[in-house]
Every structure is written in C-alpha cells, then in structure tokens.
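Enquirer: got a predicted model here, sequence first, then my questions.
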Number of protein chains: 2
Amino acid sequence: MAKLSLAEAQAKAEAVLMTHKTSAANAKSVATALVSAQADGLGTHGLLRLANYAAQANCGKVDGFAIPTLNQTAPSALIVDAANGFAYPAIDLAITALVPVALAQGIAAASITRSGHCGAMGLAVERIAERGMIAIMFANAPAAMAPWGGQTPLMGTNPIASAFPRPASPPVVIDLSLSKVARGNVVAAAQQGAAIPDDWALDVDGKPTTDAKAALAGTMLPLGGAKGAALALMVEAMAAGLTGSHFAFEASSFLDAKGPPPATGQFIIAINPALFGPGVSYIERLFTMVAAEKGARLPGERRLANRQKAAQEGIEVQDSWFVGS
Amino acid sequence: MAKLSLAEAQAKAEAVLMTHKTSAANAKSVATALVSAQADGLGTHGLLRLANYAAQANCGKVDGFAIPTLNQTAPSALIVDAANGFAYPAIDLAITALVPVALAQGIAAASITRSGHCGAMGLAVERIAERGMIAIMFANAPAAMAPWGGQTPLMGTNPIASAFPRPASPPVVIDLSLSKVARGNVVAAAQQGAAIPDDWALDVDGKPTTDAKAALAGTMLPLGGAKGAALALMVEAMAAGLTGSHFAFEASSFLDAKGPPPATGQFIIAINPALFGPGVSYIERLFTMVAAEKGARLPGERRLANRQKAAQEGIEVQDSWFVGS
C-alpha cells in the first residue's frame, strides 16, 4: 500500500496504459475514469481494473488506439461508434455532443455501440447534470442473469444510472445494477468457503443455492424478483438491442484478456429540465425533503465525502494495480 | 356478476361517467382505459375504479370537463397540461403528439402535469410501440414509501413502464411499480386479520412488521431495498419534479373523493429505433431468446392471452362497478 495524490495516480495509470498499446488520449480518458471512481470510494470500478484493462489492450481484445466516431442521424439522435476501444473515450464524446443538443432540442440521446466495460456510470451521468441537464443511462454487460423462471443467463447485471442537477449543490446521482448483490460478493464467499444467502443466486439447475461455488456456476438473481428481471430485460433491450451491440449472451468477459471484444452497448438520454417544467429549483424541493429525513440520505452523499477526502489526502493504492509501471 | 362484451362494458362505463359531470370525450377516453385494463386481466386498474372516478368527477376533485392542452417548447419537448382532469385524455393527447415528433427527431418526450391516476401504464406505452417507437414512462403517486433508512413516506409506489415494437408480434410491454408488493395485498391481509411477510412494509416507527394494520399505518417497502428506493426517487424526480406536478408527499389520494386534485405527473419518452441502431429486427433477437427459454416468458404474454379471450368471450363485471347506471 502507498498513498498517491490524484494527479500522481492519474499520471501513473496513464503511463501503464501507454506502455500497453493505448494512445495518450485514450489513456487519459481511461485513467481519469478509474482514478475518479477510486477517489469516490467505488473501488470495484477503480484502479483495481487497470491491470486487466492494460492486458486487454495489449492482446487486442480492446483496441487502445481506437478513435470513437460520432454520427448525428436526426436532430436529437446521436450514434457513437466506440470502435471496440475502451468505453470511456466514447462516453466522453457522447457527453460532449449530447449536452448542447439536449439544451436546444429539449431531449436528446446517444447510442454507443461496439463499446465495453463502462465502469462507474454515475460519473458519466453526473458530468451531464453538472452541465444542467438531467441524464439517464443504461448499459449491458456479459451474461449473468436468467429471465424470470429460466436458467440460462441471457442478461447482464445491467446497470441504470441517473443524475439530476441541483441549484446550489453537486448533482444527485443514482447508479445501481439490477442484480440483488454484486457478483463479487459470491466470488469472495467462494474463496472463503462461506455460505451465501439463498436469494442471491441460482445453481446450474435453476435452484436457489447457499453454495457460493454452485452459484458461480449458475446465475445471479435480480433485485426484486420478477420485477427486477423485467427491468434487466428493458436495460438489455435499450443498451444492446437499440444500439446494435452484443447482447449479454454473446458478449465476451469484461474480466479477462481472452477472446473477441465484448462489443456491449450504452444508451444515454439527456434532458433540459427548463423545457419540460419549472426546472431544477422545483425538483430541489424533493431532494430537500429527502435530505432532511431522519435516517435517510440522498444517493451519492457518501461518494462526495470520499471525493473531498481523496482530493485533500490522496488515495491508498496497491503496487499490484500498476502493472508494467 | 354478469358478462358483457367489451363494447357493452365501454358504453356502460361511458354512461356512468357522463352522468357524473364528465364530458363525452373524456368519458370515452377514461372508459377505454378501464375496459382495456379489465380485458387484459389487470383488475386493480380496471372497471373496479369506475365508481371512484365518477365520484371524483361529481365532487370536482377531478374536472370531468377538463380539456388537456399541448405546448411544444422545443423541437423534441412537449408539455401537456391535464388541467386537473382525468389523466387518460392528457395521455391520449401526449401519445398522438409524441409519435410523429420522435419519428422525425429521433427522441422526444412529453411532460404531463396537473394529472392524476394513470391506471395501467403498460397500455399507454404499448400504443406508442404499436406505432413503431420504443416508449419509457414514469408516473408518481401519493406518498407510500420512505427514502431508504427513513420513516416518512415521501415517494409513491411510482411505476416504470416500457414498450418495445416487434417486427411481427404485439409489443413487449414491461410495467411495474417499485414497491415490493402492491398495497392492495396489505389491505387484503388486514381485512382477513392475516399476517404479512416482514419484508413488505414498515410500521410508523420504521420497523419491519408482520401486522397488516400496523403496515397500513406505516410505509410500503421498495423492491430490492436501497436500490429500489433509489429508483423510486428517480421516478419521483422525473414524473413530479421535472413536470412541475405535486410530489407524492403533497398529492391527495387517488382512492377517495375528498380534497383537492391529486395533481401528480407523468413523463413519457418516445424513441425511433431506426435512428439509433439497426432497429427492431435486431432487438427481436433478444426477445426470441427470452421467449424460447424454458420456464421463462416475455413480459405481457399472459396479458395478451387475457385480451384475446376477452375480445371473444367478453368480460365478467359486477353491478356495483357501474354506480348510477
């Protein structure tokens, strides 16, 4: 363990990527996303991912030199081709293009195709909300969950994220995957030989299991049962179907450096609140009530506290994260 | 109990509304929504609601003579003022206006304000998908759920609905509320003196309860715990905040004929799939996989079977539903 300032971590992460078949521009975008997630305390989407990303670029599973392209197909419709590169530069391009279009049109969306692991989506929608627009984002991921009643994983854990501008505070950011728990919890239990609750996953026969190893061979359960499975189907249809990307059931893993590009998709909607109603000061009444509720807090509050601490004190990193450096 | 053809039920429902301070045009819209829900087997949003709707119009809680108005504030942005009338005529207006705008612009949305109970939202998004557009809809409802960790109900059970066109089949329709179970299940348990599972609701002190009466005095629990509560907050911000409608915590009940109009809101997004990717034939690959999965089915299949049966055989109705007729 060592402590680095955010700028030091950024430079170190960029250097690792650039020695692993990645352009300087893409390295900067990817490192920014990983360091930002790390600073926010979102460790599973932070610098822990760097070694894997570098290995994926090195073997060509991800094209580290890809240049994402933008195509406006209609006044409010953008398509971004991530060209089987990292998702982050494509998301950067989509955000930059989306905001002025949504501002003028009222609502606009960007379809991102031939993309990949998009990390902490809350960071992406937050940037749109910082520019005054409401954002909703969907992404798909490699197969992990079966349709309700089935046994074959046809959908990813498929996150939904959303962000809302506030008049005098950082945006409210909602970011959640649709599995009941993250798969990492099952991996950890399997490593420790611990049992898992029987509502986390199914075994290969589609039966609830408390055996973590059996769960890893089976499928994750969605949050909220049949309703969560239906939401995951909606996200799969939006993020992969609408964008023309690989569905969960045909996407390669985000976690190894083998096989073809994952080629999954993202779909981002940006909305100008001033054109659909009284605007952000009105929405703020809701956030004020929630923030004032005893025992409750607004989504993202802990993340912002982590961010502030990281900016002041730096972040703890492990040498093993910076392979090749 | 009696059996009526759909046309007979429609005429009878319209007649009830028209004798309760409702215009012929609004009676037609409302009756169509209720009869359609009934035919689809969605009884809780069907003709059971008619007597209450008629009483609400009669006492002026809902303005049965309201004429919803449309304002296009930007190329892709529509605002519909339901004018404290029934939600259905406002939704009809929004759908009719949205589809051609989404077709040309790629994406468009309608904010519906000063609205009310919008019943089976799946029926609304389905109509957009029947015209070739993907639809996503959010609505808020009177206070029933607390923010995660809190005790005060600040959000409704807040449904999300979505519909996807298919090349050669009726649309796939997803429609779900974000409470773990419908409040009606708790009402039924309280009437029967039965216990409820401890993950359905909290008592007034914010503690899990198996006492249905204590649950009715407390708050409903969201599906999926903190994640579901975050989704309900997102829907509240979209459906009430963005549209400038009453938040859950200030809306009057949908279920009685007392007090001011509920004045809740809806937000509907329509998307032209041809402008964001390869289109509906590509999305269909996902639906084909899900439909073929043993034990699973596509959302809405049971509803379509009910609909076909109702068209052929009519629907069972109760005389008590048609008050004043």
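Expert: Now that the structure is in, tell me what you want to look at. Residues are numbered from 1 along each chain as shown, chains lettered A, B, ... in the order given.

Enquirer: the helices in chain A, which residues?
Expert: A:6-18, A:24-39, A:50-59, A:87-105, A:121-130, A:183-192, A:212-217, A:226-236, A:280-292, A:301-313 (DSSP state H).

Enquirer: so which of those comes closest to B:Gly60?
Expert: Minimum separation from B:Gly60 across the helices of chain A (C-beta to C-beta) falls at helix A:280-292, 25.8 Å. For the C-beta atoms, the positions are set from N, CA and C on the backbone; glycine is no exception.

Enquirer: thinking again about what came up before, can I get the helices of chain A in TSV including mean pLDDT, mean neighbour count and distance to chain B?
Expert: Listed next are the helices of chain A as TSV, based on pLDDT from 0 to 100; neighbours: other C-beta atoms under 10 Å in any protein chain shown; distance: least, C-beta to the nearest C-beta, whole Å:
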stretch	mean pLDDT	mean neighbour count	distance to chain B
helix A:6-18	98	20	27
helix A:24-39	98	22	18
helix A:50-59	97	23	24
helix A:87-105	98	23	4
helix A:121-130	98	24	11
helix A:183-192	85	15	14
helix A:212-217	92	18	18
helix A:226-236	97	26	4
helix A:280-292	98	18	3
helix A:301-313	96	14	11
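
Enquirer: mind putting those into a markdown table with distance to A:Trp200?
Expert: Listed next are the helices of chain A as a markdown table, based on distance: least, C-beta to C-beta, whole Å:
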| stretch | distance to A:Trp200 |
| --- | --- |
| helix A:6-18 | 32 |
| helix A:24-39 | 24 |
| helix A:50-59 | 24 |
| helix A:87-105 | 27 |
| helix A:121-130 | 22 |
| helix A:183-192 | 6 |
| helix A:212-217 | 7 |
| helix A:226-236 | 13 |
| helix A:280-292 | 28 |
| helix A:301-313 | 23 |
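
Enquirer: of those helices, give the one that comes closest to B:Thr157.
Expert: Closest among the helices of chain A, using C-beta to C-beta: helix A:226-236, at 11.5 Å.

Enquirer: run through the neighbouring helices and strands of the closest one.
Expert: strand A:134-139, strand B:172-176, helix B:280-292 (3 or more C-beta pairs under 8 Å, 6 or more residues apart in numbering or on different chains; DSSP states H and E).

Enquirer: next one: the second one to chain centre, how far?
Expert: Put simply, strand B:172-176 sits 11 Å off its chain's centre (C-alpha atoms, centre = their mean, to the nearest Å).

Enquirer: is it in proximity to chain A?
Expert: Yes - contact of strand B:172-176 with chain A (C-beta under 8 Å from any C-beta of the partner chain) involves B:172, B:174, B:176.

Enquirer: export those residues to JSON lines and tack on neighbour count and pLDDT?
Expert: Conversion of the residues of strand B:172-176 next to chain A to JSON lines gives the following (neighbours: other C-beta atoms under 10 Å in any protein chain shown; pLDDT from 0 to 100):
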{"residue": "B:Val172", "neighbour count": "27", "pLDDT": "98"}
{"residue": "B:Ile174", "neighbour count": "24", "pLDDT": "97"}
{"residue": "B:Leu176", "neighbour count": "21", "pLDDT": "95"}
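
Enquirer: format these as a markdown table; extra columns: distance to B:Leu286.
Expert: Formatted as a markdown table, those follow (distance: C-beta to C-beta, whole Å):
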| residue | distance to B:Leu286 |
| --- | --- |
| B:Val172 | 9 |
| B:Ile174 | 13 |
| B:Leu176 | 18 |
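
Enquirer: distance check, A:Asn84 against chain B.
Expert: For A:Asn84, the distance to chain B (C-beta to the nearest C-beta, to the nearest Å) stands at 16 Å.

Enquirer: if I look at that residue, how far off is A:Pro165?
Expert: Distance from A:Asn84 to A:Pro165, counting by C-beta to C-beta, to the nearest Å: 33 Å.

Enquirer: which one of those two is surrounded by more residues?
Expert: A:Pro165 (22 against 18; other C-beta atoms under 10 Å in any protein chain shown).

Enquirer: and that one, what is it in contact with?
Expert: Shown in contact with A:Pro165 (C-beta atoms under 8 Å, 6 or more residues apart in numbering or on different chains): A:129-130, A:132-134, A:171, A:273, A:280.

Enquirer: try 7 Å this time
Expert: A:129, A:132, A:134, A:171, A:280 (C-beta atoms under 7 Å, 6 or more residues apart in numbering or on different chains).

Enquirer: before we move on, what about A:Val280?
Expert: Taking C-beta under 7 Å, 6+ apart, one finds A:165-167, A:273 in contact with A:Val280.

Enquirer: and A:Gly259, by the same measure?
Expert: A:61, A:252.

Enquirer: phi, psi for the closest residue to A:Glu293 other than its chain neighbours please.
Expert: Using C-beta to C-beta, 6 or more residues apart in numbering or on different chains and skipping the chain neighbours, the partner closest in space to A:Glu293 is B:Gly150 (3.9 Å). The phi/psi pair for B:Gly150 (degrees, to the nearest 10) reads phi -100, psi -180.

Enquirer: quick check, the residue in the stretch 101-250 of chain A closest to chain B?
Expert: Relative to chain B, the nearest point of the stretch 101-250 of chain A is A:Gly106 (2.6 Å; C-beta to the nearest C-beta).

Enquirer: can you get me a residue count around that residue?
Expert: A:Gly106, neighbours per other C-beta under 10 Å, totals 29.

Enquirer: same question for A:Gly279.
Expert: 18.

Enquirer: also A:Leu178?
Expert: 30.

Enquirer: quick one, what contacts it?
Expert: By C-beta under 7 Å, 6+ apart, the residues touching A:Leu178 are A:157-158, A:222-223, A:228, A:231-232, A:235.

Enquirer: farthest pair in these?
Expert: For the contacts of A:Leu178, the farthest-apart pair by C-beta to C-beta is A:Leu223 and A:Val235; their separation is 12.3 Å.

Enquirer: before we move on, back to that, mind listing what the closest residue to the residue of the stretch 101-250 of chain A closest to chain B other than its chain neighbours touches?
Expert: In this structure, A:Gly106 finds its nearest non-sequential neighbour in B:Ala77, 2.6 Å apart by C-beta to C-beta, 6+ apart. Residues in contact with B:Ala77 (C-beta under 7 Å, 6+ apart) are A:106-107, A:275-276, B:109.

Enquirer: what of A:Arg285?
Expert: By C-beta under 7 Å, 6+ apart, A:Arg285 lies in contact with B:Phe247.

Enquirer: cutoff 8 Å now
Expert: Contacts of A:Arg285 (C-beta under 8 Å, 6+ apart): B:241, B:247.

Enquirer: kindly report the same for A:Leu231.
Expert: A:158, A:160, A:178, A:222, A:224, B:160, B:174, B:176.

Enquirer: out of these, which is nearest to B:Ala90?
Expert: B:Ile160 (18.9 Å).

Enquirer: mind checking how far the closest one is from chain A?
Expert: Going from B:Ile160 to chain A by C-beta to the nearest C-beta gives 7 Å.

Enquirer: got the helices and strands packed on helix A:226-236 as JSON lines, with distance to B:Ala39 columns?
Expert: Listed next are these as JSON lines, based on distance: least, C-beta to C-beta, whole Å:
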{"stretch": "strand A:134-139", "distance to B:Ala39": "31"}
{"stretch": "strand B:172-176", "distance to B:Ala39": "14"}
{"stretch": "helix B:280-292", "distance to B:Ala39": "23"}
